[in-house]
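Q: Need a 3D model of the following:
(2 chains)
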Number of protein chains: 2
Amino acid sequence: MSLQQVFDHLDANMSTYKTRLSDAVAIPSVSNSQETEHVEATRSVLEDYTRCLLESIGATVDMREIGDNQEYPPVIFATLGTSASKKTVLVYGHMDVQPAQMSDGWDTEPFAMTTIDGKMYGRGTTDDKGPVLAWINAIEAYQQENIPLPVNIKFVLEGMEESGDSGPLQDLILSEADGFFAGIDYTCISDNYWLGQNTPCITYGLRGIVYFHVNVKCAKKDLHSGVHGGVVYEGMAELCAILNSMVAPNGDITITGINRDVLPMTPEEEASYGPIDFNIDTYKSELGVTKLTHRTKAGILQHRWRYPSLSIHGIEGAFSDAGDKTVIPAEITGKFSIRLVPDMDPQKVTNLVKAHIRSFHNSTGSENEVTVSTTASAFSWLGDTSDANYTAGKRATVRVHHKAADLTREGGSIPITLTLQEATGASVMMLPIGSSDDGAHSQNEKLNVSNYLNGMKLLASYMYEVSQLAAGR
Amino acid sequence: MSLQQVFDHLDANMSTYKTRLSDAVAIPSVSNSQETEHVEATRSVLEDYTRCLLESIGATVDMREIGDNQEYPPVIFATLGTSASKKTVLVYGHMDVQPAQMSDGWDTEPFAMTTIDGKMYGRGTTDDKGPVLAWINAIEAYQQENIPLPVNIKFVLEGMEESGDSGPLQDLILSEADGFFAGIDYTCISDNYWLGQNTPCITYGLRGIVYFHVNVKCAKKDLHSGVHGGVVYEGMAELCAILNSMVAPNGDITITGINRDVLPMTPEEEASYGPIDFNIDTYKSELGVTKLTHRTKAGILQHRWRYPSLSIHGIEGAFSDAGDKTVIPAEITGKFSIRLVPDMDPQKVTNLVKAHIRSFHNSTGSENEVTVSTTASAFSWLGDTSDANYTAGKRATVRVHHKAADLTREGGSIPITLTLQEATGASVMMLPIGSSDDGAHSQNEKLNVSNYLNGMKLLASYMYEVSQLAAGR
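A: Numbering: from 1, shown residues only, chains lettered A, B, ... in the order given. Next up, the predicted model:
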């Protein structure tokens, strides 16, 4: 076989692949189990769009319902090839996206893909519709060149990743450990990004997460701040105090005991940050910040990857429109999340946060109703970069990019990673194709045309290298 | 003349007055100079609805445009009677309302008035469409009973009160001090509420206000909290810290110097709180709180009326929907306001707040862009309860309610009060008709049918008493 033939095919068919991505972006599959409209759009992108594509490359598609009723979109289990002489690679991806609207500050309509200067703008282009399509395109290229696919492929494609509500999917995967997930040799996930814009990466670690809602109820209905201001333990004042009591403006988490289980740094790990291609000024410029909370390359990477962080996302129930409103909101919910690292335990962290907030609330003298709940939680994850799965990824990277991949970790959380490792009992690797400036979750999310194309070549090469290693080459 | 004849007429025509109020509520005249739709609805309630009613009672209506273009609804100047032998009473009111939608937690459609158990629910029923219509209904009753109106009336009715953006109206009023506002003997405003649900009030004081926006920009676009959390001076953490640095959960304002100009309590003032009909338990029950920041009747009333308060209203630009979003918001604006009391100066307060925030920001080590602006400001106001205007109000109250009015102050701010006092050079009195539990600015705003009817009788009586006092009776 000639991998070059596959590469040439991919080069020649980019307009098809771009149209394919544009069609996927046009389905506003915003992740949300609360709103029927969003569930329906996500169901549609999976059932009507992705399923057709998978069947067109010959995959056997099994749509699996999750949850108790119609509140969740289905999950795709698809199988392509069952040859006993080939390794089986499990591909995970998701077709749901973060919310987006023009009023958030997009320059182009988020659900109408727009290509400008080699960048394909649109919600989901890089997270994660583009990478999912890159797999399908790469496989199709083998087929259309009449080259046998070097591996068996199984797909797990879902529609709830961005909601953080992956419980039902995890239950399904674990229940199928001896079914659909039996016989899988390697798992490969393209759902993250390079560290910068120039050097490809292979990612072997993820932070976990616990997402918290802290609800403060100070009155039975919203109050006029003129009429009642001065005698009420106002919920917003207490909520701001609670949030401020947990995290300093410089990012330090001030919850007692929170760092107790963070693994100490080894000299080997400390040394591993040195070779990584990461430019602080470029990074600052990408973010549009003049000062970071840490100054050295190692310090910055460590605080994104191997130390916990706490982010306050917003407040539900307070006045959030433009203009003025002289209201004392009666009931508000602060949303924040803590990213977890080895060996932090989500349940322990939840307990520490709840104890902290209870104790803080008691110190205020307020009798407001304060309740804390969690909506998502996941352990952190670390892979073994010396196994065959990673070796295939490293070889594929050199083949396409003519340079070695940086071995990186990710600050984000993909809870399914650990679940897949547990269900398959096999190696999981993250092989990103997007660039650091793609803006996942942000305004003007994009995927570079070049990253889309090279990503397809990378995944095509990875499948080839898996088969070569299996053959002892 | 027989005032009883007017009362009987009002009793007999309640269905007409309820329909009138329902028609007014149905026009969603939400106060906002930023949104054309809202400006148009407010323009309509003034031009199409209120103007017709005023002309039907024989008033000469002059629609006055304010501001530079179409961004503001007009102001109504109306004149009814110019007899040199009668006193002239200026009536102020507003036909704009606070925002409202079912999703805020209303039990009935806010812009479709619904009467349940003697309570008329709907946005604007009590604030301030009901009171404005009560004036018109009371005047119409005199006319339909062929009783000469005992006073000349001038109306100033506006559509920007709830936005806090009263600058253009204040400019217009001051420019007409020697025009429309010449020859006015008394001003009477029904735009506030009784202190409780049983005893009518006359209100002689208002707090002022400065409304602040504090904007924090930490990045050029929203960031993924997993990917970047840990190295960014996150705007939400800094904003919560800033807000928390200014007000404690118990309501104490912790801005240096803020209380410097608050007038000290005199023994006379201290004594004045004793006789007021105010039940702490009823008040707590109305608000739905178990504990207030002050325990005594005097302490509670003083902190609503004669001490400043700081309320945090909400945050624009952060995640405010239901569900989860793992975002670090790039640019957010905290909205808060401080209520001012004699002798606090809005400009001095603004300077103190800006200095506090600047100093606090500098202490954080953050290089985020932090800017503070004010969108509304007004001095506090105090009237003289011994003058003839107040005497007429007291007499009218006894006539309708068979008990003396409590003399109260209000925690809210009606900047126009001071402006009218300045432009007319005459006494201003607030004569509320609504009950403390009406829920202005809140969900399920209502006006009791009985308060609406008694309010009309009160205003009819007030006009009569003004004429009696003028005749030396």
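Q: Mind checking what secondary structure the residue most central in space within chain A has?
A: Centroid-nearest residue in chain A: residue A:414, 5.3 Å away (criterion: Cα atoms, centre = their mean). Secondary structure of residue A:414, reduced to three states by DSSP: H, G, I helix; E, B strand; the rest coil: coil.
Q: And for the residue of the stretch 251-400 of chain A found nearest chain B, the neighbour number?
A: For the stretch 251-400 of chain A and chain B, the shortest gap (Cβ to the nearest Cβ) falls at residue A:288, measuring 2.5 Å. C-beta: built from backbone N, CA, C; applies to glycine. Neighbour count for residue A:288, taken as other Cβ atoms under 10 Å in any protein chain shown: 13.
Q: Sketch out the low-pLDDT regions of the stretch 51-200 of chain A for me.
A: Residues of the stretch 51-200 of chain A that meet the criterion pLDDT under 70 lie in A:69-70.
Q: correct me, but residue A:274 touches residue A:298?
A: Yes. Residue A:274 is in contact with residue A:298 according to Cβ atoms under 8 Å; the separation is 7.4 Å.
Q: which of the two has more neighbours?
A: Remark: of residue A:274 and residue A:298, residue A:298 carries more neighbours, 18 against 8, as counted by other Cβ under 10 Å.
Q: What parts of the stretch 351-473 of chain A come near chain B?
A: Within reach of chain B by Cβ under 8 Å from any Cβ of the partner chain, the stretch 351-473 of chain A has these residues: A:364-367, A:375-376, A:410-413, A:439-444.
Q: Quick check: which of those residues has the minimum pLDDT.
A: Looking at these by pLDDT, the weakest one is residue A:413, with 80.
Q: Spatially nearest residue to it (excluding sequence neighbours)?
A: residue A:209 (3.9 Å; Cβ to Cβ, 6 or more residues apart in numbering or on different chains).
Q: can you confirm that neighbour is in a helix?
A: No. Going by three-state DSSP, the assignment for residue A:209 is strand, not a helix.
Q: what sits against it?
A: A:164, A:337-340, A:346, A:376-378, A:413, A:415, B:226, B:326 (Cβ atoms under 8 Å, 6 or more residues apart in numbering or on different chains).
Q: go on, residue A:216?
A: Shown in contact with residue A:216 (Cβ under 8 Å, 6+ apart): A:235, A:236, A:238, A:239, A:242, A:331, A:332, A:333, A:334, A:368, A:369, A:370.
Q: Check residue A:395 too.
A: A:461, A:465, A:468.
Q: Serialize those residues to a markdown table and add fields for pLDDT.
A: Converted to a markdown table, the contacts of residue A:395 look like this (pLDDT from 0 to 100):
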| residue | pLDDT |
| --- | --- |
| A:461 | 98 |
| A:465 | 98 |
| A:468 | 96 |
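Q: need the strands for the stretch 201-350 of chain A, in chain order.
A: According to DSSP state E, counting those that start in this stretch, the stretch 201-350 of chain A carries its strands in the segments A:201-206, A:208-217, A:223-224, A:309-316, A:327-328, A:331-340.
Q: Least reliable of the ones you listed by average pLDDT, please.
A: Among the strands of the stretch 201-350 of chain A, strand A:223-224 carries the lowest mean pLDDT (a mean of 92).
Q: now for it, which elements pack on it?
A: strand A:327-328 (3 or more Cβ pairs under 8 Å, 6 or more residues apart in numbering or on different chains; DSSP states H and E).
Q: Quick one: check the strand it packs on for contact with chain B.
A: Yes. Strand A:327-328 is in contact with chain B by Cβ under 8 Å from any Cβ, via A:327, A:328.
Q: and that strand, which strands flank it?
A: Partners of strand A:327-328 in the sheet, by DSSP bridges, are strand A:223-224 (antiparallel).
Q: For the partner strand, which outside residues touch it?
A: In contact with strand A:223-224 (Cβ under 8 Å, 6+ apart) are residues A:232, A:326, A:327, A:328, A:330, B:287, B:412, B:440, B:441, B:442.
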